[in-house]
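Trainee: coordinates only, sequence not included:
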């Protein structure tokens, strides 16, 4: 798909700081471990535009999302293959009934032997709010590794925009995340939870940030003690503009490609009907939306096309008076700090420690 056919207003010749041929494989900024991890899947080269556009018929978009979901699962399984089991943790499943009658599965993972109340990480998985699920091998492992640091970790299985858990466009997934959070907060004592930090990566970071704004608007913000958002996917207009976001041009095609992101955005928000709504695309958040929110960590990756939208949100938080910390993982593409458990174990472990330490820093004493 050409820029003209998509109606884009950009000039691809300007991307990647005047070196449009540069890829993950040849870019000296990129961590060599990340290149090695992505090479077996061909992702060390520039990602291609999808075979559909955001203007394609909805049936075509949904069919494409199913194929994208099924194609991504083996890659995530391979990246976690051969790892020893995480010991000392246990998982149970709770079913929550939302206001509309939808059944939401919550996967609660905790240390086996700890009796006292522990900080809780309410985890919302990535996938552009459109694909993947909380039961995938990578996300199951992620919750176990975090729980092993002394956390109660709750993974929410929300309705996706497409794929096996779809098609359910905005706001279905966000409503599920809200219902699961409210249940967890209401049952904190029996779950052994002292405080709840909402966290997610990519599309999960979108929902984590959106959920916090929604909580403020609807009066349940006290349930959230903090937010840890990794590589947030929050802009929503990637194929149309973004000149104020240099990383979007500089690293287009580094794992993520902007036309692909726009396709997922169209599936999640058909016709861009909610393009100005902060709980759909948190980049639209105003100072009034952000004032009074709990502490945040915004983590971005250096060679991720989404880097600058995350940095922009971080600066908005500071301007609104929110306690916020910003991290940048040097040399990493999109969510490399969580994907590369085998290839970059030190980076992965540092990421786990950072999230756990943040949750503990906000721990509340038991009543």
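Mentor: Yep, that arrived. Keep in mind that what you see is a predicted model, and the values were worked out from it rather than measured. Residues are numbered from 1 along each chain as shown.
Trainee: rest of the way, CA atoms for contacts and neighbours
Mentor: Will do.
Trainee: wait, what's in contact with the closest residue to residue 324 other than its chain neighbours?
Mentor: For residue 324, ignoring the flanking residues on the chain, the nearest one in space by Cα to Cα, 6 or more residues apart in numbering is residue 296 at 4.7 Å. By Cα atoms under 8 Å, 6 or more residues apart in numbering, the contact set of residue 296 is 226-229, 322-325.
Trainee: with neighbour count added, can I get the residues you listed in CSV?
Mentor: Below are those laid out as CSV (neighbours: other Cα atoms under 10 Å):
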residue, neighbour count
226, 27
227, 28
228, 26
229, 28
322, 19
323, 16
324, 19
325, 15
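Trainee: which of the residues you listed sits closest to residue 52?
Mentor: residue 229 (29.2 Å; Cα to Cα).
Trainee: checking the closest one next. Helix, strand or coil?
Mentor: strand (DSSP: H, G, I helix; E, B strand; the rest coil).
Trainee: quick check: it vs residue 201, distance?
Mentor: For residue 229, the distance to residue 201 equals 6 Å [Cα to Cα, to the nearest Å].
Trainee: the helices in the stretch 51-200 of the chain, which residues?
Mentor: For the stretch 51-200 of the chain, the helices defined by DSSP state H, counting those that start in this stretch occupy 58-79, 137-147, 172-186, 188-191.
Trainee: which other residues reach the longest one?
Mentor: Where contact means Cα under 8 Å, 6+ apart, the residues beyond helix 58-79 that reach it are 37, 41, 52, 54, 130-132, 136-138, 162-164, 167, 263-264, 267, 339-342.
Trainee: go with 7 Å
Mentor: 52, 131-132, 137-138, 162-163, 267, 340, 342 (Cα atoms under 7 Å, 6 or more residues apart in numbering).
Trainee: what's the neighbour count on residue 360?
Mentor: By other Cα atoms under 10 Å, 18 other residues sit near residue 360.
Trainee: shouldn't it be within a helix?
Mentor: Yes. Residue 360 forms part of a helix when assessed by three-state DSSP.
Trainee: which residues touch it?
Mentor: residue 119.
Trainee: what about the closest residue to residue 335 other than its chain neighbours, distance to residue 336?
Mentor: Spatially, and ignoring its direct neighbours in sequence, residue 335 is nearest to residue 231 (6.2 Å; Cα to Cα, 6+ apart). Distance of residue 231 to residue 336, given as Cα to Cα: 10 Å.
Trainee: do residue 353 as well
Mentor: 16 Å.
Trainee: what about the two, which has more around it?
Mentor: residue 336 (25 against 15).
Trainee: would you mind measuring from the more buried one to residue 70?
Mentor: 20 Å.
Trainee: one more: residue 156?
Mentor: 20 Å.
Trainee: neighbour count: those two, which is higher?
Mentor: Using other Cα under 10 Å as the criterion, residue 156 and residue 70 rank with residue 156 on top: 26 against 14.
Trainee: show me what contacts residue 163?
Mentor: 65-66, 69, 130-131.
Trainee: export those residues to JSON lines and tack on pLDDT and neighbour count?
Mentor: Below are those laid out as JSON lines (pLDDT from 0 to 100; neighbours: other Cα atoms under 10 Å):
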{"residue": "65", "pLDDT": "97", "neighbour count": "24"}
{"residue": "66", "pLDDT": "96", "neighbour count": "18"}
{"residue": "69", "pLDDT": "94", "neighbour count": "18"}
{"residue": "130", "pLDDT": "98", "neighbour count": "30"}
{"residue": "131", "pLDDT": "97", "neighbour count": "26"}
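Trainee: got the phi and psi for residue 326?
Mentor: phi -110, psi 130 (degrees, to the nearest 10).
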